[in-house]
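# Next comes the sequence, and after it the predicted model I'd like to discuss.
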Amino acid sequence: MSFVFDARVAERRFDVALTVEPGETVAVLGPNGAGKSTLLGLAAGLLRADSGRASLGRTVLFDADTGVFTPPHSRGVSLLAQDALLFPHLTVLENVAFGPRSAGLGTAESHAVARRWLDEVEASDFAARRPAQLSGGQAQRIAVARALASDPQLLLLDEPMAALDVSVAPAIRRMLRRVLADRTVVVVTHDILDAFTLADRVVVVDRGTVVEQGRTREVLERPRHPFTAGLAALNLLVGVRTERGIRLDDGSEIVGADSGVEVGVRAAAAMRPSAVRVSIDEPHGAANRVLAPVHDLEPRGDLVRVRSLHVAADVTPALVADLDLGLGSPVWFAFDADDVAVYPA
Amino acid sequence: MTYGGVPRWVAVVAAVGALFVLLPLVAMVTRVNWAEFVPLVTSESSVSALWLSLRTSLAATALCIVLGVPMAIVLARSRFPGQKVLRSLVLLPLVLPPVVGGIALLYTFGRRGLLGQSLDVLGITVAFSTTAVVIAQTFVALPFLVLSLEGALRTVGTRYEAVGATLGAGPTTVLRRITLPLVLPALVSGAVLSFARALGEFGATLTFAGSLQGTTRTLPLEIYLQRETSPDTAVALSLVLVVVAVVVVGLAHQTAAGTYLRGRVTP
C-alpha cells in the first residue's frame, strides 16, 4: 500500500510532502529540528496537521479539509522509537503479543505469532524475561519484533540505532535490513550508513521542508544541498558548467571529470575530502588549487578534517603538526580533475 | 560514596519531632487496662462499631476507586478550560473541616437537600443511614486517591500509551493493559490511604449520618461516646484503631516501593 503524505504545521514551520511506494523503504535525513519527528508524529496520529492530507492505501489517515482524523490505533501504522519502550509490566513474549492481542487474537494464537517474530529477530531465548532484565540491543530487537507482530501497513522507525552501543548497532542494522525487505517503511535517521543499508530512497529535510530526494545512491553520491553533502562527507561546490568543469560564483574555475552536463547549465561539483591535499606553498601540477584560511580543524579518528569555508581535506595529524596549522592559517587545497564529479545542480 | 553531613542541631530537632508524634501513643498504651482488654473490645457495641467501620470504609474505598480513577485520568491526561480550578476544588475536602463537609453533604443529600428532595420523592432517604456514612467517608477520602494517582500518571507519561496505540490498541485497551498496570502501585497506595482516612472519619459522619448504634456509629464515634462513660473502653478501642492504622501505612509504604519505574526504565 502506498503512503501519500502532504501536510503543514504552522507552529513548527513544517511543510513536507512525500510518497512511499508499496514495499519501499524511504530514509528521511535531516539535522536536528528539521521536522523529522513531526513527520512521524503526524503519520502515526500523535500530532495533528493544520492543513494537508495523508493516506495509506485506501485509508485516509487524516484530511484537514474534511476534518477526517483516523485515530492512531486504527491506522495500521506502527512506530518504533529510539528507546525500545517495552512495557515494563509485561514479559517479552507478552510485549510482542500485544499487537496481535489488540487485533482480537486469543492468548494462544497471539503467543504463537509473538514466538514467530521473536525467532525472526533471534530473541526467542528472552521470551520469559522482563524488559528490565534486557540490554539495550536485546530490547531494541524485541521492540522491532513487537512492531512487526502488529502487522503494520506502514512502519515508522525513529532513529532506531541512535540509542544503541556502537558494538551492537551493526547486528541490529543487518536484522532490520532482513525484516524490512518488501515492507513499506519510513526511517528517520542522521546516520548515512542506515540510509545506505536500509533505504531505497532518501528524502532530505531541512527547516521543515524537503530540500532534495531521490534514489539513495544518487542523492548521497551526488548531493545538491550542503546538508546532504555534509552527511555524505563530500565537498560540494556549485556553479555554471564550463568546457573543463564549473565556474563558481566568485569567478574561479574548478576543473572536473568529463560528464554529460551541457555548458552553461547550473552544475555541482563534488569530491571526497580524502582526495584533497593541503600545503603551505603553492602546489604545482594539481589541476585545482584553492587558497583559503583554515576555518575548522576536526579530529576524526586517525585523520584530521581541515576545513575552509568551501573545501575540506582529510590529512594526517602529523601533517597538521608539521604545517603548524591553526585557525585562520592560509593554506592551499589541491585536488585533481579526475576526483571531481560534475553533475547537474 | 554519599555525603551525610546532617548538622547535629537538625538531628536534635528531628528527634524532638519524632517524640512529639510517638509520645502520645506511648502515653495511651500505658493507660490500656490489659486485664479487661479483650472483654472491652469484644463487647456488643464495640464489635458492632468496628464491624460497621470496616464495612463502610471498604465500601468508601471501592467508591473512591470507581470515581477517583477516572477523575485522576481526566486531570492528568486531558486539557480543558478551568482544569486548574477543578483540581483545586476536587482537593477541597482535604483542607475543609470535616464538620463543614458534613453540613455540605446534609444540604445535598439530606431530606431537604439539593438532591435529597428528589431522592425523597423516589422513597430513598440517605441522611442518618449507613449509606450516609459511606458518602461522608468517600467525600473526605476521595482526594487522597485522586492526588496520588494523578501524580503517578504524570510521572509515567504518555510514551508507553502512544506505543500501545500505534500497535493497534484502542483507548480502553490502552487504559486497561498499559496505563493502569503501570500506575498500579500508586493506585494501591492511594486506595490504602483512602481506606485509612475513611476509617478515621469522624466530623462529617457525625454531622451527616448521626450516631445510631449498628447503623451509623463507626469506631471513632464509639470511642468518643465511650470516653464519657467508660474511659477504659475508649482507650482499648483507640489502640485497635492505632494498630489498624499502622498496618495500613505499612502496606501503603511497601506497595509504593514496588513500582516498575525504579531502575532502568526512563520516564
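Looks like it came in fine. Numbers count the residues shown, from 1 in each chain, chains lettered A, B, ... in the order given.
# What parts of the stretch 101-250 of chain A come near chain B?
Residues of the stretch 101-250 of chain A that fall close to chain B, judged by CB under 8 Å from any CB of the partner chain: A:101-103, A:131-132, A:146-147, A:150, A:156. From N, CA and C alone the C-beta is placed, and that goes for glycine too.
# same thing but at 7 Å, please
A:102-103, A:132, A:146, A:150 (CB under 7 Å from any CB of the partner chain).
# Widest-spaced pair of those residues?
A:Ala103 and A:Ala132 (26.8 Å; CB to CB).
# is it possible to export the residues of the stretch 101-250 of chain A next to chain B to CSV including secondary structure?
Converted to CSV, these look like this (DSSP: H, G, I helix; E, B strand; the rest coil):
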residue, secondary structure
A:Ser102, helix
A:Ala103, coil
A:Ala132, helix
A:Arg146, helix
A:Ser150, coil
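# what sits against A:Ser78?
A:147, A:150, A:152, A:155-156, B:166-167 (CB atoms under 7 Å, 6 or more residues apart in numbering or on different chains).
# do that again at 10 Å, thanks
Neighbour list for A:Ser78: A:44, A:72, A:99, A:146-157, B:163, B:166-168 [criterion: CB atoms under 10 Å, 6 or more residues apart in numbering or on different chains].
# For it, give the beta-bridge partners.
Judged by DSSP bridges, the bridge partners of A:Ser78 are A:Leu155.
# So A:Ala103 and A:Ala132 - more neighbours on which side?
Between A:Ala103 and A:Ala132, counted using other CB atoms under 10 Å in any protein chain shown, the more crowded position is A:Ala103 (17 against 13).
# A:Leu79 versus that one, what's the distance?
Taking CB to CB, to the nearest Å as the measure, A:Ala103 falls 16 Å from A:Leu79.
# Below-threshold pLDDT in the stretch 1-150 of chain B: ranges please.
Scanning the stretch 1-150 of chain B with the threshold set as pLDDT under 70 gives B:1-2.
# buried sites along the one helix or strand B:Gly151 maps to?
Per DSSP states H and E, B:Gly151 falls inside helix B:130-156. Of all the residues in helix B:130-156, those buried under the rule 16 or more other CB atoms under 10 Å in any protein chain shown are B:130-150, B:152-153, B:156.
# which secondary structure elements does it contact?
Using 3 or more CB pairs under 10 Å, 6 or more residues apart in numbering or on different chains; DSSP states H and E, the elements in contact with helix B:130-156 are helix B:44-77, helix B:83-90, helix B:92-95, helix B:98-109, helix B:180-200, helix B:203-209, helix B:231-257.
# what comes up buried for the second one?
Under the neighbour-count criterion of 16+ other CB under 10 Å, helix B:83-90 has B:87, B:90 buried.
# Against chain A, how distant is B:Ala35?
Per CB to the nearest CB, to the nearest Å, B:Ala35 is found 51 Å from chain A.
# Determine the three-state secondary structure at that residue.
Using three-state DSSP, the structure places B:Ala35 in helix.
# Which residues are in contact with it?
Shown in contact with B:Ala35 (CB under 10 Å, 6+ apart): B:Asp232.
# Residue numbers of the stretch 51-200 of chain B in contact with chain A?
B:156, B:158-171, B:173-174, B:177-178, B:180-182, B:184 (CB under 10 Å from any CB of the partner chain).
# Just the buried ones among those residues, please.
Buried subset of these (neighbour count, 16+ other CB under 10 Å): B:156, B:158, B:160-169, B:173-174, B:177-178, B:180-182, B:184.
# Count the residues that sit near B:Asp120.
Around B:Asp120 there are 16 residues (other CB under 10 Å).
# domain ranges for chain A?
A:3-226, A:236-344 (automatic domain parsing).
# Let me have those in a markdown table, adding distance to B:Gln83 as columns.
Output for these, formatted as a markdown table (distance: least, CB to CB, whole Å):
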| stretch | distance to B:Gln83 |
| --- | --- |
| domain A:3-226 | 20 |
| domain A:236-344 | 49 |
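# Turn these into TSV, including mean pLDDT.
Below are the domains of chain A laid out as TSV (pLDDT from 0 to 100):
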stretch	mean pLDDT
domain A:3-226	91
domain A:236-344	88
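# now, of those domains, which is deepest in the fold?
Greatest average neighbour count among these goes to domain A:3-226 (a mean of 19), per mean count of other CB atoms under 10 Å in any protein chain shown.
# of all the helices and strands packed on helix B:130-156, which gets the most neighbours per residue?
helix B:203-209 (a mean of 25).
# Skipping its backbone neighbours, what lies nearest B:Gln83 in space?
Once flanking residues are discounted, B:Gln83 sits nearest to B:Leu75: 6.9 Å by CB to CB, 6 or more residues apart in numbering or on different chains.
# Let me see the ranges of the strands in the stretch 201-345 of chain A.
A:201-206, A:209-215, A:235-241, A:245-248, A:253-255, A:266-271, A:277-279, A:288-293, A:296-300, A:303-307, A:312-315, A:330-335, A:341-344 (DSSP state E, counting those that start in this stretch).
# If anything else comes up later, I'll come back, but that's it for now.
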